[in-house]
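Student: test case, fold it:
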Amino acid sequence: MKKLLPIIFLFFSLNFWAQESWKPNPEVQKKTFDKALNLLEKLDNKETMRHFYYAYKMGIDTELGKLALTKFDSILAIEKTKLLKGIQGTWILKEVGSNWGFDKINSDSEEKKLVINQDSISFYENGKLIKKEEIKFTETTYFGVPSYTTFDYSDGQIWNYELKDRKHNENGNVLHLKNEGYFRENGIRTEISCGNTEMYYERIK
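Tutor: Below is the predicted model:
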């Protein structure tokens with residue numbers, strides 16, 4: 001029973017946060033909005049978006065809330081465009097794994113590629129097209145802010161795409177894919193928090 005107490009406490013804490021944190025609070029909303037403006041000056045778009053979105057949720061019908069949402073949507077559109085521009089090209093799979101560890105892929109015996117353009121993601125194995133996904137940004141989030149880095153696959157899976165700088169390959173030539181969850185048949189999002197499948201691709205074109 002003692003082991004269950006922290007879990008029960010966490011469950012109720014999360015539910016309390018989800019239900020209570022969005023009650024109208026003009027003072028906190030103004031501070032959160034001002035914090036977003038400060039972060040915007042520092043060019044920290046990820047944190048800026050988070051604070052604008054929280055400011056919006058703290059009073060969705062207020063003038064400040066509407067302004068916060070407008071600013072959030074503007075940055076979201078910019079970041080989506082930036083991501084799509086950055087990931088377009090041809091990529092070859094180099095590593096597959098999870099937080100438990102990664103295995104290197106021998107491209108001499110098994111070549112797996114991604115070809116990404118403005119509208120779709122094509123998966124190839126040894127030169128053969130095996131799957132093609134329409135680029136569709138995830139609109140539904142799990143306990144957080146709408147994302148500009150996750151895509152919905154046709155089978156319901158949710159994958160995060162981010163450019164990474166690694167020790168051996170800098171300047172955005174490494175693409176990191178991470179399975180963040182999936183949508184059930186009823187449309188409810190399920191989150192994977194540990195052991196997520198991850199892949200590292202390197203740009204070849």
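Student: wait, Lys35 touches Tyr54, no?
Tutor: No. Look at Lys35 against Tyr54 with Cβ atoms under 8 Å: they stay out of range, at 9.1 Å. C-beta: built from backbone N, CA, C; applies to glycine.
Student: more neighbours: which of those two?
Tutor: Set side by side, Lys35 and Tyr54 show more neighbours around Tyr54, with 21 against 17, by other Cβ atoms under 10 Å.
Student: element containing Phe102, please.
Tutor: Here Phe102 sits within strand 101-104, counting by DSSP states H and E.
Student: partners of that strand, with directions?
Tutor: strand 89-98 (antiparallel) (DSSP bridges).
Student: how far is the strand it pairs with from where the chain is centred?
Tutor: Computed by Cα atoms, centre = their mean, to the nearest Å, the chain-centroid distance of strand 89-98 equals 18 Å.
Student: buried set for that strand?
Tutor: Neighbour-count burial for strand 89-98, with 16 or more other Cβ atoms under 10 Å as criterion, is recorded at Trp91, Ile92, Leu93, Lys94, Glu95.
Student: so the nearest residue to the third one once chain neighbours are set aside bridges to which residues?
Tutor: Put plainly, it is Leu93. Distances taken as Cβ to Cβ, 6 or more residues apart in numbering put Lys112 closest to Leu93, at 4.0 Å, once the chain neighbours are dropped. For Lys112, the beta-bridge partners are Glu125 (DSSP bridges).
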